[in-house]
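Visitor: based on what follows, work out the 3D shape:
(chains A and B)
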Protein chains: 2
Amino acid sequence: MAEENKNKRTEISELGEFGLIDRLTGDIKTHQASTVKGVGDDAAVIDGGSGYILVTKDLLLENIHFDLTYYPLKHLGYKAITVNLSDIYAMNGTPRQVIVGIGLSNRFPLEAVEELYRGMKLACDKYKVDLVGGDTTSSRQGLMLSVTAIGDVEKEKVVYRGTAEEKELVCVSGDLGAAYAGLLILEREKAEFTANPNMQPDLEGFDYILQRQLKPEARPDIIKMLDELKIMPTAMIDISDGLASEIKHICKQSNLGCTVYEDKIPIDEQTYDTARSFNMDPTMYALNGGEDYELLFTIKQDDYEKIKSINDVSVIGYMTEKNAGINLITKSGPVVEIKAQGWDHMK
Amino acid sequence: MAEENKNKRTEISELGEFGLIDRLTGDIKTHQASTVKGVGDDAAVIDGGSGYILVTKDLLLENIHFDLTYYPLKHLGYKAITVNLSDIYAMNGTPRQVIVGIGLSNRFPLEAVEELYRGMKLACDKYKVDLVGGDTTSSRQGLMLSVTAIGDVEKEKVVYRGTAEEKELVCVSGDLGAAYAGLLILEREKAEFTANPNMQPDLEGFDYILQRQLKPEARPDIIKMLDELKIMPTAMIDISDGLASEIKHICKQSNLGCTVYEDKIPIDEQTYDTARSFNMDPTMYALNGGEDYELLFTIKQDDYEKIKSINDVSVIGYMTEKNAGINLITKSGPVVEIKAQGWDHMK
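Guide: Numbering: from 1, shown residues only, chains lettered A, B, ... in the order given. From the prediction side, this is the model:
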């Protein structure tokens, strides 16, 4: 039996990223009284005495998360910071520091690393966080970035994923699917350039979706507005893997279902037109495109009048009991189940 | 001029790891009042109100930091945790949590990742730290680990690298050079196995140095003993890159020189014999081998009587004024300058 197990080979793709994490971390026991929340939210929550400390980490690996053929290093540095800050905001917290790990092969000269750092510092300055340390090492293959963001939040203000309640409203900031639309444009131009190296890339008219892909921003403005309006989100997550995947996290961890209206999902005109030009459904970009770094959150129904005053937030549906499932009421009428298809690096 | 700069290519190997870090982080400005100490010590120091929070990160990349031909995954997981905890102890702190980033190619099945996690959990249990989160993603090439350790320390007990004073004693825990000796044995057996795959590896009699390489431990026991004896180290660093490199950090940041006695450097018999069998100088293993994860620290002369009672600590020299340089008084008499040669990943 032991022998049999020893020789067993289970492909990680069979489990997917979240299945793998469940499998690996399901039996973890904690030792420290200060560990408030471990694996399973946007950031770990540590009791710092007067408040909670938030810590989160994201890896960005070359040719998995970015393609340097069209990704400027300065933008990449910027993005490496903002995607981590986004996780701190998603806990309703304020990021304060970042620590940066970089592995780089000898194909990168100093000037390239300086360009990467320039982007990281730009993001740090914009979001008022401090770069306080890290580890720099050579790598055999390409570029890898590992950023850790550290933040804090008042104890009574921390917002988790699993605390939504039935009938609460589902809200999302900004618009969705644009980063994915931008990626498709960049991939298309790369393919054309590969076929004909004399071609000039045609990126005219795609500014917004390209910026969403290449230089994403986090949403501290939303956190600030919610606070000013005294709206306390009941559950929150940032949208890195696409709306479908994130809403499923909130539903699963809150032990609920939800109903989303397709016509309420915010999609920018450039995203819409790009999807159509590829003969694809714009809603699919929003559901499964990912990398939006917008905030998805639930609020109490009583806060509806207040949330209406925020221009950049859309109410897209409501939480239901678990057995009702996770459903999309389509523009044409039929109700379909929302499935997370997109952006599973393990598949 | 701008054009000229744009086309300039400076190899990172010209700067080395520490030169690169200085270059990239020299101009960093901080925004947050809670940032106490940024780049340049074993861990970043953040004001958590009642105490200091310590955060550190180390990357471990396949074929740079480890060779899976002879490195068992469980040991690798264990080591990934302990080398990070070592940085927290080197600030005189207590590690509390770790966050783990893993990038893995599809050559690794679930069973391999479980083995890696088994090692990480074993270390977490031994050192009573909690694994509270992370990021798992696929990679194009091999295995990469990025571990962040979080700890704390009372404000008046934090120990930096740059606070040693003249005439203070230089101390080191455990013994040095063993991990490097173990590495050379493993490399030798790998070479022989490559030449003749029917060969069985001959690791008999090398238990100690192999364990030092494959399953290094951090030194909370030393921190505890110093505390119990009421010895407050005046400066401290952990030995990851070799004694020579670490003593230079303490000297440079304290603006001092130092004198080390070769015959006082603690070297285990197995390390000594291995070095001799390779016709190498055991002292070179201690100075430049690295990966010892012992603590190098300075204490006031008045604490000499107390430190003598700790079995596992050696007093190896004393701090001098800067102009005296960093010197080794050799067993045979002549004084030589200590140069850091070993373990610069960037060279």
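Visitor: quick check: residue A:20 touching residue B:110?
Guide: Yes. Here residue A:20 lies in contact with residue B:110, judged by C-beta atoms under 8 Å, at a distance of 7.1 Å. All C-beta atoms are positioned from the backbone trio N, CA, C, and that covers glycine.
Visitor: so what sits against both of the two?
Guide: Common contact partners of residue A:20 and residue B:110 (C-beta atoms under 8 Å, 6 or more residues apart in numbering or on different chains): residue A:12.
Visitor: what count of nearby residues applies to the closest residue to residue A:14 other than its chain neighbours?
Guide: In space, and not counting its chain neighbours, residue A:14 is closest to residue B:110: 7.7 Å by C-beta to C-beta, 6 or more residues apart in numbering or on different chains. Neighbour count for residue B:110, taken as other C-beta atoms under 10 Å in any protein chain shown: 19.
Visitor: kindly report the same for residue A:19.
Guide: Under the neighbour criterion other C-beta under 10 Å, residue A:19 is assigned a count of 15.
Visitor: I'd say residue A:101 and residue A:139 touch.
Guide: No. Using C-beta under 8 Å, residue A:101 makes no contact with residue A:139, being 10.7 Å away.
Visitor: can you list the low-confidence ranges for the stretch 1-150 of chain A?
Guide: Across the stretch 1-150 of chain A, residues meeting the criterion (pLDDT under 70) sit at A:1-6.
Visitor: may I have the phi/psi pair for the residue nearest the centre of chain A?
Guide: Centrality entry for chain A: nearest residue to the mean C-alpha point is residue A:240, 1.9 Å, by C-alpha atoms, centre = their mean. The phi/psi pair for residue A:240 (degrees, to the nearest 10) reads phi -100, psi -30.
Visitor: equivalent analysis for residue A:297, please.
Guide: phi -150, psi 160.
Visitor: now do the same for the closest residue to residue A:82 other than its chain neighbours: helix, strand or coil?
Guide: Sequence neighbours aside, residue A:218 is the residue nearest to residue A:82 in space, at 4.9 Å (criterion: C-beta to C-beta, 6+ apart). Counting by DSSP: H, G, I helix; E, B strand; the rest coil, the backbone at residue A:218 sits in coil.
Visitor: cool, residue A:176 as well?
Guide: Classification of residue A:176 using three-state DSSP returns coil.
Visitor: what's the answer for residue A:78, then?
Guide: Classification of residue A:78 by three-state DSSP places it in helix.
Visitor: where exactly do the helices run in chain A?
Guide: According to DSSP state H, chain A carries its helices in the segments A:2-6, A:16-25, A:73-89, A:110-127, A:178-195, A:207-214, A:220-228, A:243-254, A:269-277, A:282-288, A:304-307.
Visitor: switch those helices over to CSV; also include distance to residue B:146.
Guide: Below are the helices of chain A laid out as CSV (distance: least, C-beta to C-beta, whole Å):
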stretch, distance to residue B:146
helix A:2-6, 28
helix A:16-25, 16
helix A:73-89, 12
helix A:110-127, 16
helix A:178-195, 24
helix A:207-214, 24
helix A:220-228, 25
helix A:243-254, 23
helix A:269-277, 33
helix A:282-288, 27
helix A:304-307, 38
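Visitor: one step back: residue A:293 is in contact with the residue nearest to the centre of chain A, correct?
Guide: Yes. Under the criterion of C-beta under 8 Å, residue A:240 is in contact with residue A:293, at a separation of 6.5 Å.
Visitor: which neighbours do the two share?
Guide: In terms of C-beta under 8 Å, 6+ apart, residue A:240 and residue A:293 are both contacted by the residues A:83, A:86.
Visitor: measure the residue nearest to the centre of chain A to chain B for me?
Guide: When distances are taken as C-beta to the nearest C-beta, to the nearest Å, residue A:240 and chain B turn out to be 10 Å apart.
Visitor: how about residue A:163?
Guide: To chain B, residue A:163 is 18 Å away according to C-beta to the nearest C-beta.
Visitor: between the two ends of stretch A:132-143, how far is it?
Guide: 21 Å (C-alpha to C-alpha, to the nearest Å).
Visitor: brain fart, stretch A:55-69
Guide: For stretch A:55-69, the first-to-last residue distance is 32 Å (C-alpha to C-alpha).
Visitor: buried ones in that stretch?
Guide: Judged by neighbour count using 16 or more other C-beta atoms under 10 Å in any protein chain shown, the buried positions of stretch A:55-69 are A:55, A:56, A:57, A:58, A:59, A:60, A:61, A:62, A:64, A:65, A:66.
Visitor: the second one against residue B:133, yeah?
Guide: If I follow you right, that is residue A:56. Yes. With contacts defined as C-beta under 8 Å, residue A:56 counts as touching residue B:133 at a distance of 6.8 Å.
Visitor: follow-up on the earlier one: out of the helices of chain A, flag the one nearest residue B:127.
Guide: Nearest to residue B:127, of all these, is helix A:16-25, at 17.8 Å by C-beta to C-beta.
Visitor: against which helices or strands is the closest one packed?
Guide: Helices and strands touching helix A:16-25, by 3 or more C-beta pairs under 8 Å, 6 or more residues apart in numbering or on different chains; DSSP states H and E, are helix B:110-127, strand B:130-138.
Visitor: neighbours of the closest residue to residue A:67 other than its chain neighbours, how many?
Guide: Distances taken as C-beta to C-beta, 6+ apart place residue A:190 nearest to residue A:67, at 7.2 Å, with adjacent residues excluded. The tally of other residues near residue A:190 (other C-beta under 10 Å) stands at 14.
Visitor: kind regards, and thank you for your time.
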